[in-house]
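Engineer: sequence first, predicted model second:
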Amino acid sequence: MAVVRVALTKGRLEKESIKIFKSIGINSKELENKGRKIIFKSDDNTLEFILVKAKDVLTYVEHGAADMGIVGKDTILEETRDFYEVLDLKVGKCRFALASTPEFKLDGSYRRKKIATKYPNVARKYFVDRGEDVEIIRIEGSVEIAPILGLTDAVVDIVETGRTLKENGLIIVDEICDVSARMIVNKASMKMKKEHISSIIRRLEDYLNNYGEEALA
Ligand SMILES: Nc1ncnc2c1ncn2[C@@H]1O[C@H](COP(=O)(O)OP(=O)(O)OP(=O)(O)O)[C@@H](O)[C@H]1O
Ligand SMILES: O=P(O)(O)OC[C@H]1O[C@H](OP(=O)(O)OP(=O)(O)O)[C@H](O)[C@@H]1O
């Protein structure tokens, strides 16, 4: 069987991704004791894992340098890329929201609003769908500071527990959409390595259906 290369998102989704593969009997001691390595074999040598940043997961999978990947729906929505999205893995759950100070009114002003975000395309689409033209200011992290300092009127960001907003005196103005980790597959690999990739997807589907989200949480 051809070796399948899987791109995993470094950081928050890393542990969950390892757990997902373990749940279907695919273990990698190399990945669990990773040190500074970024490429790892499964113990049975049938899979190879690489650990990269979220956007790079899309790049490696789109170009076929990786056959499959695990990445957040937030990154998929932000980037326009070409691959199959095959499974909602029900982990890494959070949501996109518009948030601001309690004084902010979504429909309150005809002035062009300024919005801070790490996700300019998601934010633009949300306002275009509302028929509103806004100025997007791209910020790389800790975006919650922007409305507090008066740089922008509001933020479009990921909310998980809501703690970051609360501790900074911000509130959710509108929920945009749910986000969770997805399994993606390169289009050519889906044909060339069909048997192996389909078997992985089927086993994961069975696992998610039989044991549900709690098992992975
Ligand atoms: N509270 C959360 N904040 C951010 N991302 C979350 C959260 N909960 C789940 N996620 C998911 O985890 C993915 C990876 O997030 P992580 O913070 O590790 O990396 P990142 O946002 O790409 O930041 P960095 O640039 O620091 O690597 C996100 O793309 C998202 O799908
Ligand atoms: O609702 P919560 O559970 O508080 O989680 C949401 C926070 O987590 C993310 O930030 P992250 O920790 O990735 O740091 P960043 O702001 O530097 O991206 C996100 O951008 C929020 O700030």
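Structural biologist: Yes, it's here. Numbers count the residues shown, from 1 in each chain. Ligands and ions are numbered 1, 2, ... in the order given.

Engineer: CA atoms for contacts and neighbours, from now on please.
Structural biologist: Noted.

Engineer: how about residues contacting stretch 139-152?
Structural biologist: Stretch 139-152 is contacted from outside by 100-101, 113-118, 137, 153-155, 157, 164-165, 168, 170, using Cα atoms under 8 Å, 6 or more residues apart in numbering.

Engineer: same thing but 6 Å
Structural biologist: Residues outside stretch 139-152 that contact it (Cα atoms under 6 Å, 6 or more residues apart in numbering): 114-115, 117-118, 153-154.

Engineer: neighbour-wise, which one of these leads?
Structural biologist: When neighbours are counted by other Cα atoms under 10 Å, Ala154 leads the contacts of stretch 139-152 with 29 neighbours.

Engineer: quickly list what the residue nearest to it when sequence neighbours are not counted is bridged to.
Structural biologist: Excluding its sequence neighbours, the residue lying closest to Ala154 (Cα to Cα, 6 or more residues apart in numbering) is Ser100, at 4.5 Å. Using DSSP bridges, the bridge partners assigned to Ser100 are Ile171.

Engineer: how close does Ser100 sit to Val155?
Structural biologist: 6 Å (Cα to Cα, to the nearest Å).

Engineer: same deal with Val6?
Structural biologist: Where Val155 is concerned, Val6 sits at a distance of 33 Å (Cα to Cα).

Engineer: of those two, which one has the most company?
Structural biologist: Neighbour totals were compared for Val6 and Val155, and Val155 leads with 29 against 25 (other Cα under 10 Å).

Engineer: who does the strand or helix carrying that one pair up with?
Structural biologist: Using DSSP states H and E, Val155 maps to strand 154-159. Strand 154-159 sits in its sheet next to strand 94-100 (antiparallel), strand 114-117 (parallel), going by DSSP bridges.

Engineer: mind putting those strands in TSV, distance to Ile50 and mean pLDDT included?
Structural biologist: Below are those laid out as TSV (distance: least, Cα to Cα, whole Å; pLDDT from 0 to 100):
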stretch	distance to Ile50	mean pLDDT
strand 94-100	24	98
strand 114-117	28	98
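
Engineer: for Glu132, which of those is the nearest?
Structural biologist: Comparison of the strands paired with strand 154-159 against Glu132 by Cα to Cα identifies strand 114-117 as nearest, at 11.4 Å.

Engineer: what comes into contact with that closest one?
Structural biologist: 134-139, 152-156.

Engineer: tell me the secondary structure for Leu51?
Structural biologist: Following DSSP: H, G, I helix; E, B strand; the rest coil, the label given to Leu51 is strand.

Engineer: and it, what does it touch?
Structural biologist: Contacts here follow Cα under 6 Å, 6+ apart; on that basis Leu51 touches 8-10, 38.

Engineer: what's the closest of these to Thr75?
Structural biologist: Distances from Thr75 to those, taken by Cα to Cα, are shortest for Thr9, at 10.5 Å.

Engineer: many thanks, we can stop here.
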